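with the sequence up front, the predicted model follows.
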Amino acid sequence: MRGFAGRIWRERGGRTGVLLVALVLFIALILPFATPDPNKIDVPARFLPPSLHHPLGTDNLGRDLLARVTVGTRSALWIACVVIALSMAGGLALGVIAALSGRLVDRLVTGFCDIVSAFPSYILVFSLVALYGAGLGKLVVAIALAFLPQFARITRSQALTLRHRPFIESARLMGLPATTIIRRHVLPNIVGPVIVLASMNIPSVITTEAAMSFIGLGVQPPQTSLGTLIRDGYVFLDQSWWPIIGAVAVLAIATLGCTLLGEALRDVVDPKLRREP
Amino acid sequence: MPDPLAIEVAGVTVDFTGMRALDGVSLAVPTAGCFGIVGESGSGKSTLLRTILGLQGPTRGEVRIEGVLQPHRRDFRAQARLVQPIFQDPALSLSPRRRVGQSLDEVGEALGEPRDALRARLGGVFERLGLQMPVLDRYPHQISGGQARRVAIARALLFQPRVLIADEPTAGLDVSVQGDLLNLLQEIRAATGVTLLIVSHNLAVIRLIADRVAVMQGGHIVEEGDSRSVFDAPRSDYTRTLIASWPRGQPVEATG
């Protein structure tokens, strides 16, 4: 594994990605211990510019923005992880089932994926939330559904090529149960590209969640996410522009860092996936 | 009393999109002999083998193993004790992410046999195949091609199958190693009474090891009979052409 991490670190993009992701993790996980209560209202201290006491200034209710950004970052990361875990698990299951269960099931699953991915992801998430109502849980499920087809497709194509490999056919002819073959022989040989896809999708998930929360369809106050922070700041943009700076910066750093790290991971795990410039 | 026919194929047709790979093939493989299927690439011999193994469903026709009609969706768990394959590239038939020992332990899992009992049997099989125990701790890419081939054979033998089906068992081997391998297969057959079904494009190999031969061309069996009569007095034009095109001076006797 040292060689694996080393290869990511040696590339400039990979190194930048690691550092930026580490910074975001620091903001989300360590910084909350050092910041004041993000919900403590102090109206006379509203719209303060950055100072030693409030490193990112204060918002329209005088709340400390650094503290609110750390909480927003944490929930954005948490949501992204849950969404990716859901769509990865669903995609792995659907992809393996499609590849190994015969033509009819394959057609159904492929058709489902084609229909879901025919919608632009924002439109799909937007419609689902409009249909079933706003709220964190529903938003997570809606975004997970929008990202699921990519995982199902890559899993299916990987499993299809594995299916006729001699070691899989040997395992079948040995009479091992299908679940054992999938768990022991199929999944370990397809997780590489799936994990790469997951890491490359994290930025899109973060921005999708931020966009939905920005228009008020996602995370609801008093819960905080990067999207709600940007919206709160946006509303009072004519009075102070400090409130949006922190959240926007973290959003930019997180998406850039995850993208760079994901690309480096892809180059290390499977150089064939690289798109030639 | 064992069924006189280890494998019986009746009127098997296999269609792929836009192409007929097997066209009404019938074949009877007697128990305890060595049956060779010979043909050039594209003749359908691999498809026939996959159909017998149950990896390929026939469009029409039936496959019987020891007299029992096989359903299109096979019960591989029951079949594993009857038929085991040796694939063309045995190294590829071992999972690349598992140690050789782990791959062999799966036999015990499939048979419901405790690991210790299996390892005890493994000693005997390894001895017969000339394999050393340290191989068990290696990954497939860490052992030689010859060792991988023997490991794959060992795994098949651990099932104590009634039929061993080998696809191009000598592909990619030196002529001297080819001879060793064929001798090994013959020894195994003599010692265990297993039926051997061997598919090869190499006439020398089939002539050396098989006592019955089927010649395939374009999805048909063009000739079937005793090895000697097929090779010495071929009845079909195709067999004659095949034998004539086989380079003279290939050291068949030297390897045997």
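Great, that's in hand.

what residues does chain B put near chain A?
B:53-55, B:76-80, B:83-85, B:87-89, B:92-98, B:106-107, B:109-110, B:152, B:155, B:159 (C-beta under 8 Å from any C-beta of the partner chain). Using the backbone N, CA and C atoms, a C-beta is placed for each residue, glycine as well.

among those residues, which are in strands?
B:83-85 (DSSP state E).

wait, isn't residue A:194 in contact with residue A:88?
Yes. Using C-beta atoms under 8 Å, residue A:194 is in contact with residue A:88, at 6.4 Å.

which of the helices and strands in chain A ranks last by mean pLDDT?
Ranked by mean pLDDT, DSSP states H and E, the weakest helix or strand in chain A is helix A:2-10, scoring a mean of 77.

may I have that one exported as CSV, CA atoms only?
Taking C-alpha atoms only, helix A:2-10 is exported to CSV below (Å, rounded to 0.1, in the frame of the first residue of the first chain):
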residue,chain,number,x,y,z
ARG,A,2,3.0,2.3,0.5
GLY,A,3,3.7,2.1,-3.2
PHE,A,4,0.1,2.9,-3.9
ALA,A,5,0.0,6.0,-1.7
GLY,A,6,3.4,6.9,-3.0
ARG,A,7,2.3,6.9,-6.6
ILE,A,8,-0.6,9.3,-5.8
TRP,A,9,1.8,11.6,-3.8
ARG,A,10,4.4,11.7,-6.6
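
and the ones in strands among the residues of chain B next to chain A, which is closest to chain A?
The shortest gap between chain A and any of those belongs to residue B:85, at 5.7 Å (C-beta to the nearest C-beta).

so that closest one touches residue A:173, yeah?
Yes. Applying C-beta under 8 Å, one finds residue B:85 in contact with residue A:173, separated by 5.7 Å.

so what sits against both of these two?
residue B:53 (C-beta atoms under 8 Å, 6 or more residues apart in numbering or on different chains).

if we can go back for a sec, show me the residues of chain B next to chain A that map onto helices.
Among the residues of chain B next to chain A, DSSP state H puts B:53, B:76-79, B:106-107, B:109-110, B:152, B:155 in helices.

just the buried residues of those.
Neighbour counting by 16 or more other C-beta atoms under 10 Å in any protein chain shown classes B:53, B:76, B:79, B:106-107, B:109-110, B:152, B:155 among these as buried.

all helices in chain B, in order from the N-terminus.
Counting by DSSP H, one finds helices in chain B at the ranges B:45-53, B:76-79, B:100-111, B:115-129, B:145-158, B:175-192, B:203-209, B:227-232, B:237-244, B:252-255.

dump those helices to JSON lines, plus distance to residue B:33.
Compiled in JSON lines, these are given as follows (distance: least, C-beta to C-beta, whole Å):
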{"stretch": "helix B:45-53", "distance to residue B:33": "15"}
{"stretch": "helix B:76-79", "distance to residue B:33": "20"}
{"stretch": "helix B:100-111", "distance to residue B:33": "26"}
{"stretch": "helix B:115-129", "distance to residue B:33": "21"}
{"stretch": "helix B:145-158", "distance to residue B:33": "18"}
{"stretch": "helix B:175-192", "distance to residue B:33": "8"}
{"stretch": "helix B:203-209", "distance to residue B:33": "11"}
{"stretch": "helix B:227-232", "distance to residue B:33": "10"}
{"stretch": "helix B:237-244", "distance to residue B:33": "20"}
{"stretch": "helix B:252-255", "distance to residue B:33": "20"}
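
lowest average pLDDT across these?
Mean pLDDT values for the helices of chain B show the minimum at helix B:252-255, a mean of 49.

by residue count, what's the longest helix in chain A?
As assigned by DSSP H, the longest helix anywhere in chain A is helix A:65-100.

distance between the helix or strand just after that helix and the chain's centre?
Next helix or strand after helix A:65-100 toward the C-terminus (DSSP states H and E): helix A:103-118. Put simply, helix A:103-118 sits 23 Å off its chain's centre (C-alpha atoms, centre = their mean, to the nearest Å).

and if you look at stretch B:85-96?
For stretch B:85-96, the distance to the chain centre is 12 Å (C-alpha atoms, centre = their mean).

also stretch B:57-72?
Distance, centroid of stretch B:57-72 to centroid of chain: 18 Å (C-alpha atoms, centre = their mean).

shared neighbours of residue A:194 and residue A:88, anything?
Residues within reach of residue A:194 and of residue A:88 at once, by C-beta under 8 Å, 6+ apart, are residue A:151.

more neighbours: which of these two?
Comparing residue A:194 with residue A:88 by other C-beta atoms under 10 Å in any protein chain shown, the one with more neighbours is residue A:88, at 23 against 19.

for the more buried one, give its distance to residue A:80.
For residue A:88, the distance to residue A:80 equals 12 Å [C-beta to C-beta, to the nearest Å].

other SSEs contacting the helix or strand that contains residue A:265?
Secondary structure from DSSP H and E places residue A:265 in helix A:242-269. Judged by 3 or more C-beta pairs under 8 Å, 6 or more residues apart in numbering or on different chains; DSSP states H and E, the packing partners of helix A:242-269 are helix A:2-10, helix A:12-25, helix A:65-100, helix A:191-214, helix A:226-235.

so which bits of it are buried?
Neighbour-count burial for helix A:242-269 [16+ other C-beta under 10 Å]: A:242-248, A:250-251, A:253-269.

could you check the angle helix A:12-25 makes with it?
Here helix A:242-269 runs at 140 degrees with respect to helix A:12-25, directions being taken by axes from the mean of the first three to the mean of the last three C-alpha atoms, to 10 degrees.

what is the burial count for the residue lying closest to residue B:170 once chain neighbours are set aside?
Leaving out its chain neighbours, the residue that sits closest to residue B:170 by C-beta to C-beta, 6 or more residues apart in numbering or on different chains is residue B:178, at 4.1 Å. Neighbourhood size, residue B:178 [other C-beta under 10 Å]: 19.

please apply the same query to the one 10 residues further on.
Number of residues near residue B:188 (other C-beta under 10 Å) recorded here: 19.

can you give me the distance of residue A:259 to chain B?
Residue A:259 sits 29 Å away from chain B, taking C-beta to the nearest C-beta, to the nearest Å as the criterion.

so what's the spatially closest residue to that residue that is not a sequence neighbour up against?
In space, and not counting its chain neighbours, residue A:259 is closest to residue A:203: 5.1 Å by C-beta to C-beta, 6+ apart. For residue A:203, the contact set (C-beta under 8 Å, 6+ apart) comprises A:254-256, A:258-259, A:262.

next: residue A:106.
Shown in contact with residue A:106 (C-beta under 8 Å, 6+ apart): A:98-99, A:156.

turn these into TSV, including neighbour count.
Converted to TSV, those look like this (neighbours: other C-beta atoms under 10 Å in any protein chain shown):
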residue	neighbour count
A:98	25
A:99	24
A:156	24
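
just give me the closest of the residues you listed to chain B.
Nearest to chain B among the contacts of residue A:106 is residue A:99, at 15.5 Å by C-beta to the nearest C-beta.

pLDDT value on the closest one, please?
Note on residue A:99: pLDDT of 92.

count the neighbours of residue 126 for me.
Since no chain was named, I'll use chain A. Residues near residue A:126, counting by other C-beta under 10 Å, number 19.

my question was about chain B
Neighbour tally, residue B:126, other C-beta under 10 Å: 20.

for it, what are its contacts?
Here residue B:126 is in contact with B:132-133, B:154 (C-beta under 8 Å, 6+ apart).

can you tell me how far residue A:100 is from chain B?
Distance from residue A:100 to chain B, counting by C-beta to the nearest C-beta: 13 Å.

apologies, that question was intended for residue A:258.
Remark: distance between residue A:258 and chain B (C-beta to the nearest C-beta) = 28 Å.

same thing with residue A:52?
Noted for residue A:52: a distance of 54 Å to chain B, by C-beta to the nearest C-beta.

hang on, that residue in a strand?
No. Under DSSP: H, G, I helix; E, B strand; the rest coil, residue A:52 sits outside any strand and is assigned coil.

state the pLDDT value of it.
Reported pLDDT for residue A:52: 80.
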